[in-house]
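Enquirer: Okay, sequence plus prediction incoming.
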Amino acid sequence: VPVEDLDVEGEGGRIHALVSRPEAGVAPYPTIFLLHGGPEMHDRDAFSPEVAAWVDAGFAVVRVNYRGSTGYGSAWRDALRNDVGHTELADVAAVHRCVVERGISDPGRMVLAGSGWGGYLTLLGLGTQPDLWTAGIAAVPLACHQTSYEDEAESLRAYHRALFCGSPDEQPERYAASSPITYVDQVQSPLLILAGENDARCPMRQIEKYVAKLAEHGRDHEVYTYDAAAGSLPVSERITQVAYQLDFARKHVKLH
């Protein structure tokens, strides 16, 4: 389907988003926000099989090039460093308001989803914006910055230190304030987490700690694990995972 450009005024400036509407059904649509990874990446008007799958299933798809994304200048790219995670989600919330006000999206049928950094923002969004989201789907997410730092490669530790102006020992408050596990008790929506058992970029221990907290608080969740690393999934596994995600969304979001 054609991709629509959407420009939304946010607290940090104009936010560029992309909207894909299903051909069947009537607005306002059930909607999934698919947040890109990186964070230093961006979504563009190009074919995506994942977007197509969600549109075919009857969802409007919204993709947000939140602060931290590339392609909009260095100030936009670097803006998230002042308040990691919350800065990006402020932009997501602004776009959420816009698509609801314009009658594109049904506020009672909203899914927050993403992979990598998008998965991280999904976990953080469910904990800090619980009233906005009907369900969440987080693939290979960061759930606890401090635990991730302890288990990840030095190159990723260096990136963490650059984001937070130091290590967890030097900046414990910043690491905690930006970690989804800090807000796990505020999660209200059903959540699906997908993670690779041997993924060095998304260490399993920090996900296991987060899932244990979800269970401790009695939150509705599912976990799908697989034996591969992010970015190296065979096509058959990608198809399996998208099918699993669609089934999960159908269970928790009414399509009609």
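Expert: Done, it's in.
Enquirer: what about the spatially closest residue to Ser115 that is not a sequence neighbour, how many neighbours?
Expert: Leaving aside its sequence neighbours, Ser115 sits nearest to Ala139 (CB to CB, 6 or more residues apart in numbering; 3.9 Å). Every residue, glycine included, has its C-beta placed from N, CA and C. Residues lying near Ala139 (other CB atoms under 10 Å) number 22.
Enquirer: Contacts for stretch 118-127 next, please.
Expert: For stretch 118-127, the external contacting residues (CB atoms under 8 Å, 6 or more residues apart in numbering) are 34-37, 66, 85-86, 88-89, 92, 112-114, 132-133, 136-143, 178-180, 182-184, 186-189, 191, 193-194, 202, 210.
Enquirer: For the residue nearest to Ser115, grab phi and psi.
Expert: Note on Ala139: its backbone torsions stand at phi -100, psi 140 [degrees, to the nearest 10].
Enquirer: what about Val62, distance to Val3?
Expert: Val62 sits 11 Å away from Val3, going by CB to CB, to the nearest Å.
Enquirer: no no, Leu214
Expert: For Leu214, the distance to Val3 (CB to CB) stands at 34 Å.
Enquirer: before we move on, what about Pro107?
Expert: The gap separating Pro107 from Val3 is 22 Å, by CB to CB.
Enquirer: do Tyr66 as well
Expert: Distance from Tyr66 to Val3, counting by CB to CB: 17 Å.
Enquirer: So these two - more neighbours on which side?
Expert: Using other CB under 10 Å as the criterion, Tyr66 and Val3 rank with Tyr66 on top: 32 against 18.
Enquirer: Return the residues in contact with that one.
Expert: Going by CB under 8 Å, 6+ apart, the list of residues near Tyr66 reads Ile15, Leu35, Pro39, Leu80, Thr87, Glu88, Leu89, Asp91, Val92, Leu121.
Enquirer: Please identify the helix or strand for the third one.
Expert: Okay, so that is Pro39. Taking DSSP states H and E as the definition, Pro39 sits outside all helices and strands.
Enquirer: how about the helices in this structure?
Expert: 49-56, 74-78, 86-101, 117-128, 145-151, 154-164, 172-177, 204-216, 235-252 (DSSP state H).
Enquirer: So which residues make contact with the shortest one?
Expert: Outside helix 74-78, the residues that touch it by CB under 8 Å, 6+ apart are Gly12, Gly13, Glu40, Arg67, Gly68, Ser69, Thr70.
Enquirer: Closest to Pro49 out of those?
Expert: Using CB to CB, Ser69 comes nearest to Pro49 of these, at 21.2 Å.
Enquirer: Which pLDDT value belongs to the closest residue to that closest one other than its chain neighbours?
Expert: The spatially closest residue to Ser69, leaving aside those adjacent along the chain, is His42, at 4.3 Å (CB to CB, 6+ apart). On pLDDT, His42 comes in at 96.
Enquirer: List the residues that contact His42.
Expert: His36, Asn65, Ser69, Thr70, Gly71, Tyr72.
Enquirer: switch the cut-off to 7 Å
Expert: Neighbouring residues of His42 by CB atoms under 7 Å, 6 or more residues apart in numbering: His36, Asn65, Ser69, Thr70, Gly71.
Enquirer: do you know how far it is from Gly127?
Expert: 25 Å.
Enquirer: for Pro30, same thing?
Expert: 22 Å.
Enquirer: can you check Trp133 too?
Expert: 10 Å.
Enquirer: Show me the contacts of His42 that map onto strands.
Expert: Asn65 (DSSP state E).
Enquirer: buried subset of the contacts of His42?
Expert: Listed as buried from those are His36, Asn65, Ser69; burial here means 16 or more other CB atoms under 10 Å.
Enquirer: and the second one, what is it in contact with?
Expert: In other words, Asn65. For Asn65, the contact set (CB under 7 Å, 6+ apart) comprises Ile15, His16, Ala17, His42, Asp43, Gly71, Tyr72.
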